[in-house]
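In: Quick one, fold the following:
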Amino acid sequence: MLAWLNRYLPVFIALSVLIMLVQLLRQVWPAASALTTWFAAVEVFLRAWSWYFIAAGLTLVFLSLICWLHWQDRAPQWIYRVISMDILDRLTNKQQVEEAAARMDQESLVIDAESLGSALKAKVVGQDAVCNDLSQQLRRRLALMQRQKPAGVFLFAGPPGTGKTYLAKVLASELNRKLLHFDMTQFSAGSFSATQLFGMTKGYVGSDSYGKLTGGLRDHPAAVVLLDEIEKAHPEVLKGFLTAWNDGFVTEASDGKQISTSQAIFILTSNAATDVLTTLQKDFASDADSLRMASVNALKENGFAPEVLNRIDRIFVFAALAGLDVARVCALEMEGMIRGYGLEVAGGGVDPVIIVQLMQRYRRMGSAASSRDVVRALEESIADSLIKARQLGYDLIELRIEDGKVRAKASQKGRQAASAQGAGQE
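Out: Got it, this is the predicted structure:
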């Protein structure tokens, strides 16, 4: 109501002023006959419809003048506040921008599969076949100019600690896409779990904000959506993803808006049927189609819903780590742990016996083996040494075995740097 009054208040004021002027003229006009004659002349003019042509002519002249001033870039700014005009029309060549926008909407994204595969293999140890296959799949799917479903729905299956989650993170980084990471063990408690992802129905508490998934895809349509340990999600949660994977959109419950998923990449990880999938991966290593069929059957037997498996574009089975791959992963985890303390490992500064001991511990853990668990145990044994080295100002260390225990020792280069710094301060 206030907005309506603000809009039409000037009109009411103008009419009131006009009525007051007419009343004033009637009172002060010198001759009543003259006033009557004037009103009669106006009435004849209006009845003759002549004023329509005059008003139309004046309006045309006014609009022509405005157009000429606009083309000459001499129009005053108040005209643009009175006459609604697209900012593109006012500031640039709108047609050229429209054509460019149309071309951009139709352009496909072509990636270098070989370069992407090499980048993935450089960071993910022991899964070269998966990295190469994933790169080729993405190259084909992202090159499609028209899609009504996500760029890819991929399932990473296999033993824990083989790099499934890490590969998804590396992929998002290499493609310069936002990573939306969801631990599906947190969405296993009934239908309430679905509201956390897809929003709360209007009228209930929490309906004033979007769900974690719908809000993330609204802000980052081309995100990599990582659904970790998908087999632990509640069935109601999985139902919410069927439309996202099949029809290319997901519905936000709070306002009913459809959020597009056609640009997103969905990656599901699972530790289900680990032993069976590991065997299948070895038996059908050179036959991708047979591996997929056998993997689907194995996952169905382990409780995966058929409607979920039918919407997965590709199943990648990760091989269990063995041999030097275990050593490489342990070394990478160890290096990352030490960097977390603000230190660096000197080249050749790790006693090989330490790596061998980690490999032996990894093997003893069997199917539950994870390089993170192994290195975490190492961290507990050398954390105090790392903290002490940092307090002493060292930035470069070596790991050695002394009296049967792992010790962090400052390398020669680190000592020299610290000595030079101390001498400079003196």
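In: Leaving out chain neighbours, which residue sits closest to L217?
Out: Closest residue to L217 apart from its sequence neighbours, by C-beta to C-beta, 6 or more residues apart in numbering: I259 at 4.9 Å. All C-beta atoms are positioned from the backbone trio N, CA, C, and that covers glycine.
In: Same question for V224.
Out: Sequence neighbours aside, A172 is the residue nearest to V224 in space, at 3.9 Å (criterion: C-beta to C-beta, 6+ apart).
In: before we move on, what about K409?
Out: The shortest distance from K409 to any non-neighbouring residue, by C-beta to C-beta, 6+ apart, is to E398 (5.2 Å).
In: Buried ones in the helix or strand containing the one you found, by neighbour count?
Out: Element membership for E398, per DSSP states H and E: strand 396-402. Neighbour-count burial for strand 396-402, counted by 16 or more other C-beta atoms under 10 Å, picks out 396-399.
In: Please name the residues that touch R292.
Out: 314-315 (C-beta atoms under 8 Å, 6 or more residues apart in numbering).
In: repeat that with 6 Å
Out: Neighbour list for R292: I315 [criterion: C-beta atoms under 6 Å, 6 or more residues apart in numbering].
In: Only the buried residues of the helix or strand harbouring it, if you could.
Out: Using DSSP H and E, R292 sits in helix 288-301. For helix 288-301, burial by neighbour count (16+ other C-beta under 10 Å) applies to 291-292, 294-296, 298-299.
In: Could I get those in JSON lines, plus columns for distance to A119?
Out: Shown next, in JSON lines, are the buried residues of helix 288-301 (distance: C-beta to C-beta, whole Å):
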{"residue": "L291", "distance to A119": "24"}
{"residue": "R292", "distance to A119": "25"}
{"residue": "A294", "distance to A119": "30"}
{"residue": "S295", "distance to A119": "26"}
{"residue": "V296", "distance to A119": "29"}
{"residue": "A298", "distance to A119": "31"}
{"residue": "L299", "distance to A119": "29"}
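In: Let's see the pLDDT reported for L242.
Out: What the model reports as pLDDT for L242 is 88.
In: ok, now how distant is S290 from N297?
Out: Separation of S290 from N297 (C-beta to C-beta, to the nearest Å): 11 Å.
In: no no, G211
Out: 33 Å.
In: cool, I338 as well?
Out: For I338, the distance to N297 equals 44 Å [C-beta to C-beta].
In: picking up where we left off before, buried ones in the helix or strand following the strand holding E398?
Out: Note on strand 396-402: by DSSP H and E, the next helix or strand toward the C-terminus is strand 405-410. Buried residues in strand 405-410, counted by 16+ other C-beta under 10 Å: 406-410.
In: out of the buried residues of helix 288-301, what pair is the most spread apart?
Out: Largest separation among the buried residues of helix 288-301 by C-beta to C-beta: L291 and L299, giving 12.2 Å.
In: I'd like the buried residues of strand 405-410 as TSV, with distance to T251 and pLDDT appended.
Out: As requested, these are exported to TSV (distance: C-beta to C-beta, whole Å; pLDDT from 0 to 100):
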residue	distance to T251	pLDDT
V406	54	79
R407	58	79
A408	54	79
K409	59	80
A410	59	75
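In: quick one, phi psi at G393?
Out: phi 90, psi 10 (degrees, to the nearest 10).
In: That one: how many residues sit nearby?
Out: 13 (other C-beta atoms under 10 Å).
In: What is the burial count for A40?
Out: Neighbourhood size, A40 [other C-beta under 10 Å]: 10.
In: Now do the host helix or strand of R390 against strand 396-402, angle only.
Out: Element membership of R390 [criterion: DSSP H and E] is helix 371-391. Angle of helix 371-391 versus strand 396-402, following axes from the mean of the first three to the mean of the last three C-alpha atoms, to 10 degrees, is 110 degrees.
In: quick one on the thing from earlier: surely the residue nearest to V224 and A223 touch.
Out: No - if you go by C-beta atoms under 6 Å, A172 and A223 don't touch, sitting 7.8 Å apart.
In: where does the stretch 1-150 of the chain have low pLDDT?
Out: Along the stretch 1-150 of the chain, segments meeting pLDDT under 70 span 1-35, 38, 41-57, 66-94, 99-110, 145-147.
In: So V326 belongs to a helix, correct?
Out: Yes - according to DSSP: H, G, I helix; E, B strand; the rest coil, V326 belongs to a helix.
In: what's the pLDDT at it?
Out: Reported pLDDT for V326: 81.
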